[in-house]
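Engineer: Give the three-dimensional model of this entry:
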Amino acid sequence: MSVREIPMVIDGQSVPSQSQDWRDVINPATQEVVARVPFCTAEEVDRAVASAKEAFKTWRKVPLGKRMRIMLKLQALIRDNTAELAALITEEHGKTLPDAEGEVGRGLEVVEHACSITSLQLGELAENAGTEIDVYTLNQPLGVGAGITAFNFPIMLPCFMFPLAIATGNTFLLKPSEQDPSSTMRLVELAHEAGIPPGVLNVVHGGPEVANQIADHPDIKALSFIGSTHVGTLLYNRAAAAGKRMQSMMGAKNHCVVMPDANRSQAINNLLGSAFGAAGQRCMANSVVVLVGEARQWLDELVEGARQMTVGPGTQRDADLGPLVSPQARERVEHLIDVGEKEGARLMLDGRGCQVDGYPDGNFVGPTVFADVTAEMTIYREEIFGPVLCVAGVDTLSDAIAFVNANPNGNGTSIFTNSGWVAKRFERDIDVGQVGINVPIPVPVAYFSFTGSRGSKLGDLGPNGKQAIAFWTQTKTVTARWFEPENVSSGINSTISMH
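Structural biologist: Take a look at the predicted model:
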């Protein structure tokens, strides 16, 4: 089987990199090398930025209606090619095909939202703010935008960035994850097929050096990042120092609070899916369950449900979770399970040493459950990013709220309850950006903004929704007054009156 070489995209063309530094892209279920990706040179990154800068001169003037029609075409192409995109995700990331298809669907929602650009980018007008003075705003594109995405959602995360950036009149430079770039590259092909002109959407590849060059580059006006807290903080500081607009959506430790009045079977089933789906490699995974009061008696049922989950390759449609993305990821997760045992957490279900028939080299870790987890433990403080569920118990709703709010991260949280009063108090008092009520993964629909907070986010504006429009545009406020002309000839007066 031939190994495909991942190209760059510059000026609307697939361009082979001249870099001497290439990395293998591995199928995590088999360890088969399926592609090779370059770590682009500094000169290649500069070429891609220059292409976007030149294209901005004309793209910014393209009418809103034409941009809308391109997005309409793109959403249709994504819908028609969902199976191919999902298969590429599964081959390089490892998540199950149903999960990958769901990811494509969530990315598609953002493109559908971008189809409304003719109404999203409207300004405001105050007529007669002063005597015969009007004040109005123009929401204009910034210039060249850039995005750096994580491996865990190679279709959805790019869709969180370039569709709205381009629809608002910017041009774009995308650096996808080097671990699973093929689905992202196919998405970019579809974007050009939809009618995005050459230079408007460019792609480069690489590691820290390329990311730092993007953060420092003087011709890039805004940068969106989704990934780890460590990298996101470094890039945010670099980009801010370079005068860029910047958003960093970073790490998480999401909690799910379960009240004793909740629908028991629904809560447990939802918890299992949110904790172990995609092998826990989601920034919105519920990795901590807080059982309140008598709900602590549900622990054994929760563990048994996890024990019944099926581990297999992503191509096995009835599998509940596939492999981790790399051997290094598997080793890190198994190391943290070791640490959890040593620090006194009660290991109720151990996923280490998981074997899947026919896939002896896969990066598999089975569902793992720890009970009696405390805030001081490493498995609670660190984002494990694997199929490991930490369970804590508290006495009251107030205790649960205090426990969640004491964690430094604020990406997402949820509560399961049948009490409207409890739900209302939770949504009011919890200090987390995204809240689910009887919803385990509270990622909002695309026409609402992604609103992680505290240690999970740097920057005032998040992806999607109204915040994304504000992030990718510059507001220009115009104060205007027009005077009646003096000494106007009768010819001009007659022309005015005719019109």
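Engineer: in the stretch 251-400 of the chain, which spans are helices?
Structural biologist: 264-276, 299-307, 327-342, 378-381, 397-406 (DSSP state H, counting those that start in this stretch).
Engineer: Please identify the most buried of those.
Structural biologist: helix 264-276 (a mean of 20; mean count of other CB atoms under 10 Å). Backbone N, C-alpha and C define where each C-beta goes, glycine included.
Engineer: Which residues are in contact with the residue nearest the centre of the chain?
Structural biologist: Averaging the C-alpha coordinates of the chain gives a centre point, and the residue nearest to it by CA atoms, centre = their mean is residue 157 (3.9 Å). The contact partners of residue 157, by CB atoms under 8 Å, 6 or more residues apart in numbering, come to 147, 149, 150, 226.
Engineer: Just put these in TSV and tack on neighbour count and secondary structure.
Structural biologist: Below are the contacts of residue 157 laid out as TSV (neighbours: other CB atoms under 10 Å; DSSP: H, G, I helix; E, B strand; the rest coil):
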residue	neighbour count	secondary structure
147	23	strand
149	25	coil
150	22	coil
226	25	strand
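Engineer: from those residues, which two are the most distant?
Structural biologist: Between any two of those, the greatest separation by CB to CB is 10.9 Å, found for 147 and 150.
Engineer: OK, contacts around residue 350?
Structural biologist: By CB under 8 Å, 6+ apart, residue 350 lies in contact with 337, 366, 368.
Engineer: sorry, that was for residue 315
Structural biologist: 29, 90, 97.
Engineer: okay but the first one is in contact with residue 319, surely?
Structural biologist: The reference is to residue 29. No: using CB atoms under 8 Å, residue 29 makes no contact with residue 319, being 10.1 Å away.
Engineer: any shared contact partners between those two?
Structural biologist: Listed as contacting both residue 29 and residue 319 by CB under 8 Å, 6+ apart are residue 313.
Engineer: These two: which has the busier surroundings?
Structural biologist: residue 29 (23 against 20; other CB atoms under 10 Å).
Engineer: picking that back up, how about TSV for the contacts of residue 157, with distance to residue 212 and pLDDT added?
Structural biologist: Below are the contacts of residue 157 laid out as TSV (distance: CB to CB, whole Å; pLDDT from 0 to 100):
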residue	distance to residue 212	pLDDT
147	15	98
149	16	98
150	17	97
226	17	97
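Engineer: Please identify the one among those residues that lies nearest to residue 36.
Structural biologist: For these, the nearest to residue 36 is residue 149 (19.2 Å; CB to CB).
Engineer: quick one: contacts for the closest one?
Structural biologist: Residue 149 touches 157, 158, 161, 174, 175, 176, 177, 184, 226, 227, counting by CB under 8 Å, 6+ apart.
Engineer: Leaving out the residues flanking it, which one is nearest to the third one?
Structural biologist: Same thing as residue 161. Nearest non-adjacent residue to residue 161, counting by CB to CB, 6 or more residues apart in numbering: residue 147, 3.6 Å away.
Engineer: Is the one you found bridged to anything, and to what?
Structural biologist: residue 174, residue 224 (DSSP bridges).
Engineer: check contacts around the residue nearest to residue 198 when sequence neighbours are not counted.
Structural biologist: Nearest non-adjacent residue to residue 198, counting by CB to CB, 6+ apart: residue 12, 3.0 Å away. The contact partners of residue 12, taken as CB under 8 Å, 6+ apart, are 192, 196, 197, 198, 199, 200, 201.
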